[in-house]
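Student: quick one: sequence and predicted model below, then my questions.
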Amino acid sequence: MPTTDTDLMQWSMFAMSTTTWIDVLLNFLVAIAYGFFVSVIYRHCRGLHANRSFIQTLYMLTLIITLIMMIILSIRGTAAVAVAFGLMGALSIIRFRTVVKDNRDTAFVFLAVGVGMASGTGKWWIGFAGLAVIGVTLMMLENAPWGRNKRSIIVKLTFRPHGADEKDVTRDIGNILAQLGSQVHMIHVRTIRLGELIETTYALNLYKNVTPNYAIEQILAISGVDSVNIFNPQDLQEP
């Protein structure tokens, strides 16, 4: 039996049971299940902007980390520490040289790494518990009261200044927008078709009982308005 801390560490490494083919197969199957749940959470958070290539990357990253952890655990002695630090450095280089367009994608990369470590080390229950906690937390944040009540939109509309008083049309648009939502402010205005039309863009928060379709109907009812488009600010910020 070991007598010192160093002897205890080396003895525990040598005393680990050998990984069998069944263990490897089970770890990879669990990693695939982890990848599926990570992709479900990713699709829920990103919606229509979910990137298919990035979903495949999450699957691959989970399986690769699982493979790396099993390799590290299969190495006996102090060499395992050197291999672990070397692989960590290689992964950090890959991470910081990879362009991530959204900060949330970085979190999913770390999530895939975490569950991959759980499956590679055989700590399956930790991975499933982590996915459950993270998934429930994100769903609660998505359906939080403060998230539902704040319905920010971007309204882009065009109207014809000729044949009507431009100031009256602008005033009518401002009055209707004030009835549809709060915190109304103009983002920009420009002329199109050599001054035949004027395009204006507003930002506002819709009231609770106002739907985007109803807002479009009310704005189109204004004399002189030619077209109306409504956007989600988050959609405009997407790459």
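Tutor: Alright, I've got the coordinates. Numbering: from 1, shown residues only.

Student: domain parsing for this protein?
Tutor: Per automatic domain parsing, the structural domains of the chain span 5-143, 148-236.

Student: now the shortest one: average pLDDT?
Tutor: pLDDT averaged over domain 148-236 equals 81, rounded to a whole number.

Student: go through the longest helix seen in the chain and flag the buried ones.
Tutor: Longest helix in the chain by number of residues, with DSSP state H as the criterion: helix 21-46. Within helix 21-46, the residues that count as buried by 16 or more other Cβ atoms under 10 Å are 27-28, 30-31, 33-35, 37-39, 41-42, 45-46. Every C-beta, even on glycine, is put in place using the N, C-alpha and C of the backbone.

Student: chain center to it, what's the gap?
Tutor: How far helix 21-46 lies from its chain's middle: 18 Å, per Cα atoms, centre = their mean, to the nearest Å.

Student: which elements pack onto that helix?
Tutor: Counting contacts by 3 or more Cβ pairs under 8 Å, 6 or more residues apart in numbering; DSSP states H and E, helix 21-46 is packed against helix 52-74, helix 103-120, helix 124-142.

Student: and the direction of it versus that of helix 103-120, what angle?
Tutor: Inter-element angle recorded for helix 21-46 and helix 103-120: 160 degrees (by axes from the mean of the first three to the mean of the last three Cα atoms, to 10 degrees).

Student: ok, and what's touching stretch 213-220?
Tutor: Contacts of stretch 213-220 from elsewhere in the structure, counted by Cβ atoms under 8 Å, 6 or more residues apart in numbering, are 153, 155, 157, 173, 176-177, 179-181, 206, 225, 228, 230.

Student: which of these has the most neighbours?
Tutor: Val155 (25 neighbours; other Cβ atoms under 10 Å).

Student: tell me which residues touch Phe54, please.
Tutor: Applying Cβ under 8 Å, 6+ apart to Phe54 gives the contacts 42, 105, 108.

Student: quick one: distance of the strand ranked longest in the chain to the chain centre.
Tutor: In the chain, assigned by DSSP state E, the strand with the most residues is strand 181-192. Between the centre of strand 181-192 and the centre of its chain there are 29 Å (Cα atoms, centre = their mean).

Student: do you know how far the residue nearest to the spatial centre of the chain is from His44?
Tutor: With distances taken as Cα atoms, centre = their mean, Arg104 lies nearest the centre of the chain, 4.1 Å away. As judged by Cβ to Cβ, to the nearest Å, Arg104 and His44 stand 11 Å apart.

Student: winner for burial among the helices and strands packed on helix 21-46?
Tutor: helix 103-120 (a mean of 20; mean count of other Cβ atoms under 10 Å).

Student: what's that one in contact with?
Tutor: Residues external to helix 103-120 that are found in contact with it (Cβ under 8 Å, 6+ apart): 27-28, 30-31, 34-35, 37-38, 41-42, 45-46, 54, 58, 61-70, 73, 91, 95, 100, 124, 126-127, 130-131, 134.
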